[in-house]
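Q: Next comes the sequence, and after it the predicted model I'd like to discuss.
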Amino acid sequence: MSSSEWNLRRLLNVSEAEIEGLADVLIDCVEGGASVSFMHPLTHERAAAFWRRIAKAVAAGERALLVAEDTGGICGTVQLTLDLPENQPHRADLSKMLVHRRARRQGLGAALMRAAEALALECGRTLLELDAVTGGDGERLYERLGWRRVGVVRNYALMPRGGFCSTTFMYRDLSTAIDASKTPGCQRSSKVIPCGHEK
Ligand SMILES: CC(C)(COP(=O)(O)OP(=O)(O)OC[C@H]1O[C@@H](n2cnc3c(N)ncnc32)[C@H](O)[C@@H]1OP(=O)(O)O)[C@@H](O)C(=O)NCCC(=O)NCCS
């Protein structure tokens, strides 16, 4: 496997080794200055505790979790929150889109987004929402992939080393999307393992 190849797969249960790998990715992103809910420095203990909570939600079918792996282990992840009010059965929230710095700018972010959209459709979710740091790498990626901007909330959150950042709220209506699995992002993946179904 060359450094620009990865496997994408859905985790239906998250092992302790996978929690460790996910914690490493989260810590690397915070270390790199990403505003993803955590302040710097993010200890391994806090990062692993976060992923253990996500693992419980995954096991309960409340969240769908995708990971990307390269020769160094887990190098990227994204998740969908499926546990929403009963009057929003067609919707999911997309969050914690994280790519380790070693794997960036090779198309993995785009591949994870396309895989998440395909997984959402498998789960019967056609309307997705997310929020992103205004003017950040994520916002640019999502816009390129067809996500629509709803608007910006000024000073919504803090950057990991302090200082406010604004947040852009975005959505994607998949009911009008064409077969997402045929996008360039997914073609660059070495393998996309079928995502399975919700319990
Ligand atoms: C945002 C993030 C997920 C993007 O991941 P990524 O894997 O780098 O995304 P991609 O590779 O698909 O695209 C990133 C850039 O690389 C470029 N690119 C893609 N493949 C490339 C290749 N083979 N060669 C050169 N450039 C390439 C893309 O055009 C894009 O360019 P741009 O930033 O100028 O628009 C990543 O930067 C990240 O994890 N950041 C920290 C956490 C974060 O902020 N998450 C978002 C929360 S909302």
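A: All right, it came through fine. Residues are numbered from 1 along each chain as shown.
Q: List the contacts of the residue of the chain found nearest the ligand.
A: At 2.4 Å from the ligand, residue 109 is the closest residue in the chain, using Cβ to the nearest ligand atom. Glycine gets a C-beta too; all of them are placed from N, C-alpha and C. With contacts defined as Cβ atoms under 8 Å, 6 or more residues apart in numbering, residue 109 is in contact with 76, 97, 99, 137, 138, 141, 185.
Q: near the ligand too, which of those residues?
A: Among the contacts of residue 109, the ones lying near the ligand by Cβ under 6 Å from any ligand atom are 97, 99, 137, 138, 141.
Q: and the gap between the spatially most central residue of the chain and residue 43?
A: What sits nearest the mean C-alpha location of the chain, by Cα atoms, centre = their mean, is residue 78, with 2.0 Å. Look at residue 78 and residue 43: by Cβ to Cβ, to the nearest Å, they are 23 Å apart.
Q: what does this structure put close to the ligand?
A: By Cβ under 6 Å from any ligand atom, the part of the chain that sits against the ligand consists of 29, 34, 36, 97-99, 104-110, 132, 136-138, 140-141.
Q: Derive a ChimeraX selection command for the buried subset of those residues.
A: Selection of buried members from the residues of the chain next to the ligand for ChimeraX, criterion 16 or more other Cβ atoms under 10 Å:
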select :29,34,36,97,98,99,106,107,108,109,110,132,136,138,141
